[in-house]
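Novice: I need the structure of the sequence given here:
(2 chains)
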Amino acid sequence: NAGVTQTPKFRVLKTGQSMTLLCAQDMNHEYMYWYRQDPGMGLRLIHYSVGEGTTAKGEVPDGYNVSRLKKQNFLLGLESAAPSQTSVYFCASSYTSGGIQFWTQYFGPGTRLLVL
Amino acid sequence: DAKTTQPTSMDCAEGRAANLPCNHSTISGNEYVYWYRQIHSQGPQYIIHGLKNNETNEMASLIITEDRKSSTLILPHATLRDTAVYYCIVLAYSGGGADGLTFGKGTHLIIQP
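Specialist: As a prediction, the model looks like this:
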């Protein structure tokens, strides 16, 4: 099993450009998450999904959109990138049982994004 | 969620057992103790979790005191690749919706050759 994979690994954008980060998991997990991690700031939840076709906002959703068209994929979009979105982005997934969220989250390797 | 206290940093010799302590004196009865780590430039990695009993898996052992106010993560034979920041967090399971993980400062474990 590949676990959680992220594409691309690194990207440089100019202010105002758009891009999509792809997260894929092969563990049949219901829940998927997008986090950003800035130096000294820890993890912050951007958006999450509790199942195919459903998404919800996390702590810092502004400037991002997400889609979960397939259970195994969770896409994070930046419509108009800003320098403040320079960060490392991590995708994670976790299983659930009976609607109960479990805290064992499996993370991808991250995407390093630099917005100039 | 209950607050946790961990030492800022620790050293351990390669091949020895690394014992990482965590205090969680305000833990509630339904809260689990979880351990994650983050190796430099990598994504966080789940290690182990427990409620009351001691737990062991292929990565580590988790020892929880009888009063559940503290715990110790044990890496039995530390290697250089175990150098990372280790996070202890206490969390309750929830139904409906989802929450993100929030890490504190953690313990920077440095394995010395």
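Novice: drop to CA atoms for contacts and neighbour counts, all remaining ones
Specialist: Noted.
Novice: in chain A, what residue sits furthest out from the centroid?
Specialist: A:Gly98 (23.9 Å; Cα atoms, centre = their mean).
Novice: on the pLDDT front, check it for me.
Specialist: As predicted, A:Gly98 sits at a pLDDT of 72.
Novice: from B:Glu66, how far out is it?
Specialist: For A:Gly98, the distance to B:Glu66 (Cα to Cα, to the nearest Å) stands at 29 Å.
Novice: now do B:His77
Specialist: 25 Å.
Novice: do A:Asn73 as well
Specialist: 42 Å.
Novice: compare those two (neighbour count), which wins?
Specialist: Using other Cα atoms under 10 Å in any protein chain shown, the more surrounded residue of A:Asn73 and B:Glu66 is A:Asn73, with 18 against 11.
Novice: give me phi/psi at B:Asp82?
Specialist: Main-chain dihedrals, B:Asp82, degrees, to the nearest 10: phi -80, psi 0.
Novice: quick one: contacts for it?
Specialist: B:39, B:109-111 (Cα atoms under 8 Å, 6 or more residues apart in numbering or on different chains).
Novice: which of those fall in strands?
Specialist: B:109-111 (DSSP state E).
Novice: my guess is A:His47 contacts A:Thr54. True?
Specialist: No - counting by Cα atoms under 8 Å, A:His47 stays clear of A:Thr54, with 10.7 Å between them.
Novice: quick one, which of those two is more surrounded?
Specialist: A:His47 (27 against 14).
Novice: from the contact counts, what lies against whichever strand or helix holds that one?
Specialist: Using DSSP states H and E, A:His47 maps to strand A:42-51. With contacts defined as 3 or more Cα pairs under 8 Å, 6 or more residues apart in numbering or on different chains; DSSP states H and E, the packing partners of strand A:42-51 are strand A:31-38, strand A:54-57.
Novice: where's A:Leu43 relative to A:Gly110, distance?
Specialist: When A:Leu43 is compared with A:Gly110 (using Cα to Cα), they lie 12 Å apart.
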